[in-house]
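Colleague: sequence and predicted structure, then a few things I'm wondering about:
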Amino acid sequence: MTVITESRITSVVRAAEALLSHRAGSPVVLAEPEDLGGSGRTIVVRVRVAQNPLSMDRTLVIKALPQHEDPHAFHREIASYKYATALPTESRPGPQLIASDPDVRLMVLSDLGRGNAMTDLLAGTDVVETSRAISAWGQALGRMHAATVGGEGDFAALVRRGPAGTQGGDLLREEALRASRVARARAADLGVEMGCSVVRALDTACRLFDEGDHRAFSPSDVGPENILLNEAGVQFMDYEWGGFRDASLDIAYALVTFAAQLGPQALDRHGDLEIAMVDAWRSEVHGIWPALRRDGDLQRTLVIARLLWVWLSTIWMLPDDDADIGGAAHLLVGHGDEDLAAHGVDLRDLDGTAVDGVRIDGLGIGDLDLDTVDIDADEAVGSHYAHDWALHTNDPRVIVARWSDLATAAAPVDPEIADFATAMGVALHRVWLS
């Protein structure tokens with residue numbers, strides 16, 4: 001959680017009071033500010049409404065962005081909240097926008113309450129509860145997608161009200177395109193050949209930001225760190241860089257990001273949990289996208305989208321082009337098989353063969369006994385981006401596990417992607433974990 005001085009919190013609360021008072025036409029008093037943290041220098045505070053002339057919620061959440069940051073992110077987030085707030089209550093994916101002031105980059109949101117963090121539910125010991133949470137996550141994504149099909153024009157109109165450059169601005173899209181452009185060369189640096197079909201698949205995945213058969217609204221970062229479960233169900237809490245894109249990118253993002261959060265008991269059922277999430281999502285959208293009823297077509301689409309996310313998270317982990325890849329080996333590493341399992345590594349050979357200290361291309365997964373060392377985030381490629389994406393990790397075990405999971409998912413529908421994923425996992429294991 002970001003440490004914020006009391007004076008900064010007080011100034012944000014006073015600015016929110018002024019904004020709400022102007023909106024109400026009479027004084028609004030906010031009290032008992034509670035720092036909820038925030039990425040970078042963003043301030044997020046819960047306050048109690050002590051005095052108000054309107055029928056406001058008893059508590060509200062204030063979010064204030066630093067003045068020096070790119071204003072396009074703020075305006076795009078405001079457009080996303082305005083669009084989502086206008087949806088029917090049952091389809092609303094998260095908090096409502098109460099008020100905003102672009103001049104001071106401040107917004108006031110409805111308070112979702114304390115609820116249960118998705119990360120806590122994934123890490124818990126009750127596998128049934130974890131499975132229910134993951135299914136609810138998939139259903140919530142599906143409901144949001146189904147409710148927003150055809151709404152891209154309305155969202156674009158909201159974005160156009162922001163400063164020039166806000167429309168079309170999507171940081172994650174830009175990062176994905178950048179990572180795709182260097183893909184073949186960076187894979188070669190690791191001794192892995194990226195075949196033409198894999199290159200085409202990566203290009204296809206990048207086009208899903210602008211094209212695709214399943215266009216719908218997305219908050220953008222739909223990973224577990226940004227999800228709360230309350231009495232109303234699953235709530236997505238971060239709309240920065242929200243917009244329209246192919247919905248397969250969202251469900252694939254969820255599949256790629258949830259495994260690293262699983263506790264040891266749930267990790268044993270990782271494959272079943274993936275199926276539960278996809279089935280829950282498909283149950284909400286197959287009526288508008290009938291082609292998704294066909295398992296083969298759906299799995300092929302998701303594999304292509306997963307390839308992009310796994311590749312992007314890998315690129316963010318690698319050093320700059322002119323640095324030695326092996327020099328990045330002082331990343332987070334663990335203490336043998338049990339520790340790897342607890343952090344999301346599959347404990348299977350990347351071709352699916354169970355291992356117990358067996359050596360893979362000279363690498364002994366079961367023989368690992370390494371110390372834990374933190375990496376400076378500034379050493380990772382992609383550290384220039386301000387948003388703290390759920391996709392991002394500094395843990396090499398998570399990256400290796402993602403390639404293993406992708407290889408498993410791709411094997412029935414795209415053997416070339418499966419082979420590439422296997423080769424990447426082995427190569428990264430050799431560099432980082434041997």
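Modeller: That came in fine, so what should we check first?

Colleague: so, low pLDDT: which residues of this structure?
Modeller: Applying pLDDT under 70 to the chain flags the ranges 1-6, 39-40, 53-56, 163-169, 321-387.

Colleague: so which bits of the longest strand seen in it are buried?
Modeller: Counting by DSSP state E, the longest strand found in the chain is strand 43-51. Using 16 or more other C-beta atoms under 10 Å as the test for burial, strand 43-51 gives 43-47, 49. No exception for glycine: its C-beta is placed from N, CA and C like everyone else's.

Colleague: tell me which strands that strand pairs with, and in which orientation.
Modeller: strand 29-35 (antiparallel), strand 59-64 (antiparallel) (DSSP bridges).

Colleague: helix or strand for the residue nearest to Leu190 when sequence neighbours are not counted, which one?
Modeller: What sits nearest to Leu190 in space, not counting adjacent residues and going by C-beta to C-beta, 6 or more residues apart in numbering, is Ala427, at 4.2 Å. Taking DSSP states H and E as the definition, Ala427 sits inside helix 415-432.

Colleague: just checking, what packs against that helix?
Modeller: Judged by 3 or more C-beta pairs under 8 Å, 6 or more residues apart in numbering; DSSP states H and E, the packing partners of helix 415-432 are helix 196-207, helix 295-317, strand 363-364, helix 396-410.

Colleague: which residues touch the residue nearest to Val285 when sequence neighbours are not counted?
Modeller: In space, and not counting its chain neighbours, Val285 is closest to Gly142: 4.8 Å by C-beta to C-beta, 6+ apart. Applying C-beta atoms under 8 Å, 6 or more residues apart in numbering to Gly142 gives the contacts 280-285.

Colleague: ok, Gly142 to Gly242 distance?
Modeller: Separation of Gly142 from Gly242 (C-beta to C-beta, to the nearest Å) stands at 17 Å.

Colleague: again with Cys196
Modeller: Taken as C-beta to C-beta, the span from Cys196 to Gly242 is 34 Å.

Colleague: more crowded one of these two?
Modeller: Legend: neighbour count by other C-beta atoms under 10 Å for Cys196 and Gly242, higher for Gly242 (27 against 9).

Colleague: hang on, the earlier thing: and the helix holding Ala427, what's buried?
Modeller: By neighbour count on 16+ other C-beta under 10 Å, the buried set for helix 415-432 is 417-432.

Colleague: which one of those is nearest Leu308?
Modeller: Comparing the buried residues of helix 415-432 against Leu308 with C-beta to C-beta places Ile417 closest, at 11.1 Å.

Colleague: can you tell me the closest non-neighbouring residue to the closest one?
Modeller: Looking at Ile417 with C-beta to C-beta, 6+ apart, the closest residue is Ala410, at 4.2 Å.

Colleague: double-check that Ser100 belongs to a strand.
Modeller: Yes: membership of Ser100 in a strand is supported by DSSP: H, G, I helix; E, B strand; the rest coil.

Colleague: beta partners of the closest residue to it other than its chain neighbours?
Modeller: Take Ser100 and drop its neighbours on the chain: the residue closest to it by C-beta to C-beta, 6+ apart is Met107, 4.3 Å away. Judged by DSSP bridges, the bridge partners of Met107 are Lys63, Ser100.

Colleague: tell me how many other residues crowd Met107.
Modeller: Met107 has 24 nearby residues by other C-beta under 10 Å.

Colleague: and for the one 3 residues further on?
Modeller: As a burial measure, the neighbour count of Ser110 was computed by other C-beta under 10 Å and equals 17.

Colleague: now the strands for the stretch 201-350 of the chain?
Modeller: 215-218, 227-230, 233-236, 243-246 (DSSP state E, counting those that start in this stretch).

Colleague: which residues sit in contact with the residue nearest to Ser100?
Modeller: When contacts are counted by C-beta under 8 Å, 6+ apart, Met107 touches 62-64, 77-78, 81, 97, 99-101.

Colleague: now those in JSON lines, with distance to Arg200 and neighbour count?
Modeller: As requested, these are arranged in JSON lines below (distance: C-beta to C-beta, whole Å; neighbours: other C-beta atoms under 10 Å):
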{"residue": "Ile62", "distance to Arg200": "46", "neighbour count": "26"}
{"residue": "Lys63", "distance to Arg200": "40", "neighbour count": "25"}
{"residue": "Ala64", "distance to Arg200": "44", "neighbour count": "26"}
{"residue": "Glu77", "distance to Arg200": "33", "neighbour count": "24"}
{"residue": "Ile78", "distance to Arg200": "37", "neighbour count": "23"}
{"residue": "Tyr81", "distance to Arg200": "36", "neighbour count": "24"}
{"residue": "Leu97", "distance to Arg200": "40", "neighbour count": "21"}
{"residue": "Ala99", "distance to Arg200": "47", "neighbour count": "17"}
{"residue": "Ser100", "distance to Arg200": "42", "neighbour count": "21"}
{"residue": "Asp101", "distance to Arg200": "46", "neighbour count": "17"}
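
Colleague: between those, which is closest to Asp210?
Modeller: The closest of these to Asp210 turns out to be Glu77 (C-beta to C-beta; 20.0 Å).

Colleague: just confirm that closest one is within a strand.
Modeller: No: secondary structure assignment (three-state DSSP) places Glu77 in helix, not in a strand.

Colleague: just checking, it touches Tyr239?
Modeller: Yes: the pair Glu77 / Tyr239 is scored as a contact, 5.1 Å apart, by C-beta atoms under 8 Å.

Colleague: which residue ranges form the helices in the stretch 1-150 of the chain?
Modeller: Using DSSP state H, counting those that start in this stretch, the helices of the stretch 1-150 of the chain run over 6-24, 71-85, 118-123, 127-148.

Colleague: so what touches the third one?
Modeller: Contacting residues not belonging to helix 118-123 are listed as 129-130, 133-134, 137, 224-225, 227-229, 234, 258, 261-263, 266 [C-beta under 8 Å, 6+ apart].

Colleague: likewise stretch 43-50?
Modeller: 2, 4, 8-9, 12-13, 16, 28-38, 56-64, 111.

Colleague: and if you look at stretch 276-293?
Modeller: For stretch 276-293, the surrounding residues in contact (C-beta under 8 Å, 6+ apart) are 131, 134-139, 141-143, 145-146, 149, 213-214, 247, 251, 254-255, 258, 297-298, 302.

Colleague: let's see it at 7 Å
Modeller: Residues outside stretch 276-293 that contact it (C-beta atoms under 7 Å, 6 or more residues apart in numbering) are 131, 134-135, 137-139, 141-143, 145-146, 149, 213-214, 247, 251, 254-255, 297-298.

Colleague: now do the contacts for Ala136.
Modeller: Ala136 sits next to 229, 233-234 when contact means C-beta under 7 Å, 6+ apart.
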